[in-house]
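Undergrad: based on what follows, work out the 3D shape:
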Amino acid sequence: MINKGRILVVEDDFDIANILNIYFDGQGYAVDVAASGAEALAKVKKERPHLIVLDIMLPDMDGYSICQDLRSSPRTSHIPIIFLTQKDERSDRISGLEMGADDYITKPFDIEELKLRVQNALRRAERERYIDPRTGLPAGGLIQQRLQGLLDQSGWSLLDCRIENLDDFQASHGFMATDDVLHLLASLMSDVVQSAGGEDDFLGHAGSGNFIILTSPALADMIRDQIKGRFLDLLQLIPLQSKPDPAGSEQLSLSISIGLIHEGDGPFDDLADLTEAALEARRKDSLNPT
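TA: Numbering: from 1, shown residues only. Model (predicted):
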């Protein structure tokens, strides 16, 4: 069955959480469950879901606080959230929507209705190009907004990253192996940005083998070096149906180029200037691939 995306169910009622887990797993989703707000935030930090079904009443914090926390971070602000609660007051629904929730459903609920709400929320997210379904990272529309915002900011650095020879790799090993490469690289980059980056750093998947990282000049070199240093190890994790000959490894034909520009390299009059400068920096780096 095709994986339709990752859903995080945040619900402290074991029976309800178990029902949702079994049901959405049967619908073709990868489902994870958290029984508290702290556990939910930790799971989101480890691996971003495509959608969150979030109970408002939790043992350690309310769903409003979790939603506000997720919406305040550039790394998680794009994730669709559906509130699940016993409250049915108009003021509660409004509060949830004001916090940034995408939808709201009350208990007891019709699970078929919840399924349709999940499907609609995911479709909206894809239509608005907020997330890439292969990596779970912010995609085109959100990336463009963040890049546009750089023109009015100072003290930033932009890393334009690209997997080289990905088309040839896909022709040799197929779409599934290529998706594995993208997923593994997204996880690697997320881990590096999480551990070496700043709290407001941004990571996005710009399509195919292209990724964008926004950080500060003080951290940019460290992030670039860590990604490059770990890339070859990542290649060994790719499950290939037919392993290439070690003497001429097709796997190792993949490399990563990272163009790095800073706000001080400008001025950049518009988005075209900015993206062209990043592209040129990446081209230069591709002459010395990892």
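
Undergrad: low-confidence regions, this structure specifically.
TA: Where the chain drops to pLDDT under 70, the residues are 1-2, 87-93, 127-129, 240-252, 289-290.

Undergrad: which helix or strand lies directly C-terminal to the lengthiest helix in it?
TA: When the chain is parsed with DSSP state H, its longest helix is helix 166-196. Counting by DSSP states H and E, the next helix or strand C-terminal to helix 166-196 is strand 202-207.

Undergrad: residues in contact with the helix or strand that that following strand is followed by?
TA: Later in the chain than strand 202-207, the nearest helix or strand by DSSP H and E is strand 210-215. For strand 210-215, the external contacting residues (CB atoms under 8 Å, 6 or more residues apart in numbering) are 74, 137, 143, 146-147, 150, 156-162, 185-186, 189, 193, 197-198, 201-206, 223. To be clear about C-beta, it is placed using only N, CA and C from the backbone, and glycine gets the same treatment.

Undergrad: PyMOL command to pick out the buried ones of the residues you listed?
TA: In PyMOL, this line selects whichever of the contacts of strand 210-215 come out buried by 16 or more other CB atoms under 10 Å:
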select buried, resi 74+137+143+146+147+150+156+157+158+159+160+161+162+185+186+189+193+197+201+202+203+204+205+206+223
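
Undergrad: helices or strands next to the longest helix of the chain in the packing?
TA: strand 157-164, strand 202-207, strand 210-215, helix 217-235 (3 or more CB pairs under 8 Å, 6 or more residues apart in numbering; DSSP states H and E).

Undergrad: apply 10 Å and report the result again.
TA: Helix 166-196 sits against helix 37-46, strand 157-164, strand 202-207, strand 210-215, helix 217-235, strand 255-262, with contacts defined as 3 or more CB pairs under 10 Å, 6 or more residues apart in numbering; DSSP states H and E.

Undergrad: between it and strand 255-262, how big is the angle?
TA: Per axes from the mean of the first three to the mean of the last three CA atoms, to 10 degrees, the angle that helix 166-196 makes with strand 255-262 is 50 degrees.

Undergrad: next one: helix 166-196 to chain centre, how far?
TA: Helix 166-196 has its C-alpha centroid displaced from the chain centroid by 13 Å (CA atoms, centre = their mean, to the nearest Å).

Undergrad: just to check, residue 140 is in contact with residue 125?
TA: No. Contact criterion CB atoms under 10 Å: residue 140 and residue 125 do not qualify, at 11.9 Å.

Undergrad: which residues are in contact with both of these two?
TA: residue 131 (CB atoms under 10 Å, 6 or more residues apart in numbering).

Undergrad: just the strands in the stretch 51-200 of the chain please.
TA: Here the stretch 51-200 of the chain has its strands, by DSSP state E, counting those that start in this stretch, at 51-55, 81-85, 103-106, 157-164.

Undergrad: quickly compare those strands and say which is most buried.
TA: Per residue and on average, the most neighbours among the strands of the stretch 51-200 of the chain fall to strand 51-55, with a mean of 27 (mean count of other CB atoms under 10 Å).

Undergrad: surely residue 284 meets residue 257?
TA: Yes. Here residue 284 reaches residue 257: they are 8.7 Å apart, a contact under CB under 10 Å.

Undergrad: tell me which of the helices and strands packed on helix 166-196 lies nearest to residue 170.
TA: Taking CB to CB, strand 157-164 is the member of the helices and strands packed on helix 166-196 nearest to residue 170, at 10.5 Å.

Undergrad: what's the domain layout of the protein?
TA: Partitioning the chain according to automatic domain parsing yields domains covering residues 6-127, 140-286.
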